[in-house]
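Trainee: 3D, please:
(one chain, ligands or ions: 1)
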Amino acid sequence: MIDAHEDRVGPIVTLDGPAGSGKSTTAREVARRLGFRHLDSGALYRALTLALLESGIAQEEWAEMDEHAMRALDVTVTPRGTELEVTVGGRRVGRELRSEEVTSRVAYLASLPAARACLLNLQRAAGAQGRLVADGRDMGSVVFPHADVKVYLVADLGERARRRLKDGGVEEPSGDDVESQSAVIARRDRHDSEREHSPLRKPEDAHLLDTTRLTFEDQVTAVIELVEGV
Ligand code: DC
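Mentor: Numbers count the residues shown, from 1 in each chain. Alright, predicted model coming up:
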């Protein structure tokens, strides 16, 4: 299936980048200010991981499942007003997607082609009408190659680690905290960039935005200016 850009009534904006670069929070706020929907594609990979864990299928068996078997896990994404609601087996999911159990397995799930194929159509359907801000690793490169505005966010590893720690409630992270969190993020970066299918890459036509020294407000404004410039 190709990106059905002919049917769109509004723009698609993609934000890709490594873990902790500020994609999701920026995307959510940009969407809110523009009155667009926000697609957090990482949440879909997490929902599929949760569905697998809940169905009791051992991780060693995940690689043998085809796209059809992945679809049977019943992950959906449905527009509800300005929100996109993610469900697993008909149940709305949210906080549980951030659990340690899901977080430690989702990168493996995201490396499986059947999982990516299963989620590709869901993501494109969510964006079929445009007026969408989508964040992830392959939004501009694979899922929405015809997006109107593509942004690729980067930030120094130490800064990304500090942000993750602060998001997790650590007000003043120590040097040791930052070092160990940096190691965790660097491992995820490697996993996301070196995988065979849809690796994390800056699309050639994406605007590079280094957020290391930007405030959150600066980040949001920079993306909105790009959208308003098209
Ligand atoms: O952004 P996040 O931490 O919620 O992403 C969870 C995992 O899903 C992470 O390992 C990267 C992967 N992912 C992906 O492969 N492609 C996407 N478009 C979004 C996330």
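
Trainee: C-alpha from now on. contacts and neighbour counts both.
Mentor: Will do.

Trainee: tell me the contacts of the residue most central in space within the chain?
Mentor: With distances taken as CA atoms, centre = their mean, residue 136 lies nearest the centre of the chain, 2.7 Å away. Residues in contact with residue 136 (CA atoms under 8 Å, 6 or more residues apart in numbering) are 15-17, 23-24, 40-42.

Trainee: try residue 94
Mentor: So residue 94 contacts residue 86 (CA under 8 Å, 6+ apart).

Trainee: look up phi and psi at it.
Mentor: Per-residue torsions, residue 94: phi -150, psi -90 (degrees, to the nearest 10).

Trainee: check residue 203 too.
Mentor: Dihedral pair for residue 203: phi -60, psi 140, per degrees, to the nearest 10.

Trainee: right, and it touches residue 139 too?
Mentor: No: at 9.2 Å, residue 203 does not count as touching residue 139 under the criterion of CA atoms under 8 Å.

Trainee: more neighbours, the two?
Mentor: residue 139 (30 against 18; other CA atoms under 10 Å).

Trainee: any idea of the pLDDT on that one?
Mentor: We note a pLDDT of 97 for residue 139 in this prediction.

Trainee: do the same with the one 4 residues further on
Mentor: Residue 143 carries a pLDDT score of 97 in this model.

Trainee: and it, how far from residue 9?
Mentor: Counting by CA to CA, to the nearest Å, the gap from residue 143 to residue 9 is 18 Å.

Trainee: which of those two has more residues huddled nearby?
Mentor: The neighbour comparison of residue 143 against residue 9 (other CA under 10 Å) goes to residue 143, with 23 against 11.

Trainee: for the more buried one, give its distance to residue 62.
Mentor: Residue 143 is 22 Å from residue 62, by CA to CA.

Trainee: residue 209 too?
Mentor: Distance, residue 209 to residue 62, using CA to CA: 35 Å.

Trainee: residue 18 - that's part of a strand, no?
Mentor: No: if the criterion is DSSP: H, G, I helix; E, B strand; the rest coil, then residue 18 is coil and not within a strand.

Trainee: that one reaches residue 189, doesn't it?
Mentor: Yes: shown here, residue 18 and residue 189 form a contact pair, counting by CA under 8 Å, at 6.1 Å.
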